[in-house]
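Chemist: sequence first, predicted coordinates after that:
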Amino acid sequence: MADFDYDVLVIGAGPGGYVAAIRAAQLGLKTACAESRETLGGTCLNVGCIPSKALLHASELYDEAANGALAKLGVKIDKMSLDLPTLQGQRVDAVKGLTGGIEYLFKKNKVTWLKGLATFTGANTVEVNGEKVTAKNIVIATGSSVAPLPGVAVDNAGGKIVDSTGALELDKVPDHLVVVGGGVIGLELGSVWKRLGAKVTVVEYLDQILPGMDGEVRKEANKIFKKQGFEYKLGTKVTGAEVGKKGVTLTVEPAAGGDAEKIEADVVLVSIGRRPNTEGLGLDKIGLELNARGQIETDHEFGTKVPGVWAIGDVIPGPMLAHKAEDEGIAVAENIAGLTGIVNHDVIPSVVYTKPEIAGVGLTEEAAKERGAIKVGKFPMLANSRAKTNHEPDGFVKIIADAETDKVLGVWIIATVAGTMIAQAAQAMEFGASSEDIAYTCHAHPTHSEAIKEAAMAVRGKPIHM
């Protein structure tokens, strides 16, 4: 057998890649990870999940202080102001701490960081910064980047038409922010600048926000954000953008056809989705073609059709979520090591970190109905003692169960801590729980999670506090 430089080479150090590299090293495999970015952690840690949460948290606190929520609790603030440089500084610190943490984990686990973009020259060979590197197994974990919108050119440095990266780094609060795309990222970043004082308009091609989520959740979220001051233009497409000295003039028209109109904005955030990063990998050199959506197809073990080449995360089919990539990173490392690495793609939670948070796992009510008879239990947060005490009445928990077997098929939550609550639902579904199992599990009082128990009881028609 030929000698290789490494047992495993991972291309990309995002949540999928760095986790795959660490797990492979833990399993005794000589491992390297190629990353072209200056820091480890990929989009998620550098310009995605982590920095956006830093801004979301800080902007929530500012909003509570500025708009009277704290005064209702007896916390009076006579004078306050926004210090945006400090607010942005704590975002940078959070990123620095976590990306540095991964570098430490690489050293601790003896993972070699190859700095540069890896390009295939053969099935077991890549070139990184002009150097040839060989590996018995190569894992593609290059993630995704922002999908472009035709006719609307993003220029983050200019600060007028930005993508999610540019929207994190604005140095002043825009008077009017137009978000193109009513999905997760647009609503989260729109929330940040809305709380800090911007007028926010969301332009969405579909007739409702949050595509892919449960229909009832989408409608309720729409109502809640409207109440918070978001303006919507649904069923609307953007056909052009003109950058002027002061801002941007957007041209929009009804998606179904009709008269065009202009919208004036200080800043436009283009947030219409993401696309897999496969350019520059040299996939043609190893005979690996992409599917119609630009993704790499894999088998159940994350192997591609090329022996010794594997792929995980945003470059393969499935939701583009950091935690999906992490689970796949562990599974692919275990499969390479001869163990059994499995990811249950039916139980991958998704969360929108707005206020309140929105979370779901499993099937939507619409999808569940297509498969057969179901029972649905709902419980409003307004009737939950902890939410009521905390002045957090918005939202509900909804549990969808099979009418015959009572097996839980999906759980959808709108609540201030929905992202934390959904973990219980995912775990219950992983164990094949029935709604009765959840209903008869003791939940601590007073907690938001009691609403999950009550919704489970409602599946069988008997919540206590309603």
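Modeler: Here it is on my side, so go on. Bear in mind that the values here come from a model prediction, so they are computed numbers and not experimental data.
Chemist: and the helix or strand harbouring residue 375, which residues are buried?
Modeler: Using DSSP states H and E, the element containing residue 375 is strand 374-380. Neighbour-count burial for strand 374-380 flags 374, 375, 376, 377, 378, 379, 380 (criterion: 16 or more other CB atoms under 10 Å). For every residue, glycine as well, the C-beta is placed using N, CA and C.
Chemist: now do stretch 412-423
Modeler: Using 16+ other CB under 10 Å as the test for burial, stretch 412-423 gives 412, 413, 414, 415, 416, 417, 418, 419, 421, 422.
Chemist: now, which of those residues sits nearest residue 169?
Modeler: Checking the buried residues of stretch 412-423 against residue 169 by CB to CB gives residue 419 as the nearest, at 24.2 Å.
Chemist: need the phi and psi values for residue 333.
Modeler: With angles defined as degrees, to the nearest 10, residue 333 sits at phi -60, psi -40.
Chemist: what's the neighbour count on it?
Modeler: 29 (other CB atoms under 10 Å).
Chemist: going forward, begin numbering at 32 instead of 1
Modeler: Sure thing, new numbering starts at 32, so read that last one as residue 364.
Chemist: that older thread, from the buried residues of stretch 443-454, which land in helices?
Modeler: In helices, defined here by DSSP state H, the members of those are 449, 450, 452, 453.
Chemist: circling back: ok, and what's touching the strand holding residue 406?
Modeler: With contact meaning CB atoms under 8 Å, 6 or more residues apart in numbering, strand 405-411 is reached by 396, 399, 426-434, 437, 440, 466, 482, 485-491, 494, 496-497.
Chemist: measure residue 351 to residue 324 for me?
Modeler: Using CB to CB, to the nearest Å, residue 351 is found at 11 Å from residue 324.
Chemist: please name the nearest non-neighbouring residue to residue 351.
Modeler: Excluding the flanking residues, the one nearest residue 351 by CB to CB, 6 or more residues apart in numbering is residue 345, at 4.5 Å.
Chemist: my read is that the one you found contacts residue 308, right?
Modeler: Yes: the criterion here is CB atoms under 8 Å, and residue 345 meets it with residue 308 at 7.4 Å.
Chemist: neighbour-wise, which of these two wins?
Modeler: Between residue 345 and residue 308, counting by other CB under 10 Å, residue 345 is the more crowded of the two (29 against 22).
Chemist: you'd agree that one is in a helix?
Modeler: Yes: residue state for residue 345 (DSSP: H, G, I helix; E, B strand; the rest coil) corresponds to a helix.
Chemist: distance check, it against residue 171.
Modeler: 10 Å.
Chemist: just residue 249 next, same as before
Modeler: In terms of CB to CB, residue 249 sits 33 Å off from residue 171.
Chemist: as a check, name the ranges of all helices in the protein.
Modeler: Under DSSP H, the chain gives helices at 46-57, 73-78, 80-97, 115-139, 195-199, 215-226, 246-258, 353-367, 396-402, 416-420, 449-461, 466-470, 481-490.
Chemist: ranking the ones you listed by burial, who's on top?
Modeler: helix 46-57 (a mean of 28; mean count of other CB atoms under 10 Å).
Chemist: angle of that one against helix 80-97?
Modeler: 130 degrees (axes from the mean of the first three to the mean of the last three CA atoms, to 10 degrees).
Chemist: what packs against helix 46-57?
Modeler: strand 37-42, strand 62-66, helix 73-78, helix 115-139, helix 353-367 (3 or more CB pairs under 8 Å, 6 or more residues apart in numbering; DSSP states H and E).
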